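>>> Show me the folded form of this:
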Amino acid sequence: MAEQVINQQFRKSPEFIQTYSFTELLTGLGIEVFNCMNNTDSTGAIYSIIDSTVTPYSSCSEFMEGATLASANFEKVFDNDWDSSTFNSNKILRGKSFFQFSHFLYRGNVENALTKGTDYYIVLKLYSVDALNNETLIGTVQSPTYSNLSNALNYETPINETLTMEIAKIKINNGNKLRLTVEGWVKQTDSAVYSDWWIGVGNDPSNTSSAHITSSGRTTTKLEFTLPFMIPN
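Residues are numbered from 1 along each chain as shown. Model (predicted):
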């Protein structure tokens with residue numbers, strides 16, 4: 001019997017082929033890399049999670065926010081969210097996620113020029129968010145606590161951070177998006193007048209020098225993380 005030839009116009013187009021490394025095939029996990037960035041349009045600042053293959057044409061600088069402390073306890077001085085686009089298929093996460101970024105401490109308060117001691121740490125929380133903005137926690141991780149002696153209007157040297165988040169098996173449904181929440185917690189260790197303390201976090205995917213974080217040496221201006229997606233059988 002002669003081989004049947006399908007007319008060109010009726011041939012099925014080739015399907016997208018996803019390639020994986022030997023390590024990914026061995027572990028059954030496909031590792032994807034994401035970056036956080038801020039951008040500004042007519043509505044104001046937009047904080048987004050983007051694919052690491054996308055590089056902005058210009059620097060996005062860093063994110064910096066703070067507050068004046070009111071007590072001798074740890075207080076949350078900022079809480080910011082970065083959101084991804086919605087997923088167009090179901091995904092399952094499981095394994096270790098690695099977060100790499102740089103951060104720094106800034107002390108304001110010009111009315112009291114005395115040196116002040118402080119402790120601070122950063123908390124990262126990753127969520128799956130549905131169309132109604134309901135959050136399901138994927139995982140959380142906290143940095144070590146860092147101590148400083150700071151003068152008024154002083155920027156401390158940026159610190160390189162690598163944190164590991166353990167992710168139990170969790171499904172991200174079609175139509176959901178990712179949300180990374182970053183919190184900064186500060187405690188002033190000297191009494192008397194409480195200062196305003198700010199924490200800055202790099203979130204520039206192009207990894208260019210910003211106002212207070214440079215990309216020289218091992219310092220990064222990126223807020224970058226990996227996600228382990230289970231490879232379909």
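
>>> tell me which residues in stretch 176-192 are buried?
Buried residues in stretch 176-192, defined by neighbour count with 16 or more other Cβ atoms under 10 Å: 176-188. Backbone N, C-alpha and C define where each C-beta goes, glycine included.

>>> Stretch 115-128 now?
So, applying 16+ other Cβ under 10 Å, buried residues of stretch 115-128: 116, 118, 120-128.

>>> same thing with stretch 139-159?
139, 141, 143, 146, 148, 150, 152, 155-156, 158-159.

>>> any chance of the buried residues of stretch 115-128 in CSV, plus distance to Asn38, secondary structure and pLDDT?
Below are the buried residues of stretch 115-128 laid out as CSV (distance: Cβ to Cβ, whole Å; DSSP: H, G, I helix; E, B strand; the rest coil; pLDDT from 0 to 100):
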residue, distance to Asn38, secondary structure, pLDDT
Lys116, 29, strand, 91
Thr118, 25, strand, 95
Tyr120, 21, strand, 98
Tyr121, 22, strand, 98
Ile122, 17, strand, 98
Val123, 19, strand, 98
Leu124, 16, strand, 98
Lys125, 18, strand, 98
Leu126, 18, strand, 98
Tyr127, 19, strand, 98
Ser128, 22, strand, 97
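
>>> Turn those into CSV, columns for distance to Ala168.
CSV is the format used below for those (distance: Cβ to Cβ, whole Å):
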residue, distance to Ala168
Lys116, 40
Thr118, 34
Tyr120, 29
Tyr121, 23
Ile122, 22
Val123, 18
Leu124, 16
Lys125, 14
Leu126, 12
Tyr127, 14
Ser128, 12
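
>>> Would you confirm that Val141 contacts Met165?
Yes - counting by Cβ atoms under 8 Å, Val141 sits close enough to Met165 to count as a contact (4.3 Å).

>>> Identify the contacts common to those two.
Residues touching both Val141 and Met165 (Cβ atoms under 8 Å, 6 or more residues apart in numbering): 99, 124.

>>> next SSE after the helix or strand bottoming out on mean pLDDT in the chain?
Taking mean pLDDT, DSSP states H and E as the measure, helix 22-27 is the helix or strand of the chain with the lowest mean score, a mean of 55. Where DSSP states H and E defines the elements, the next helix or strand beyond helix 22-27 is strand 29-41.
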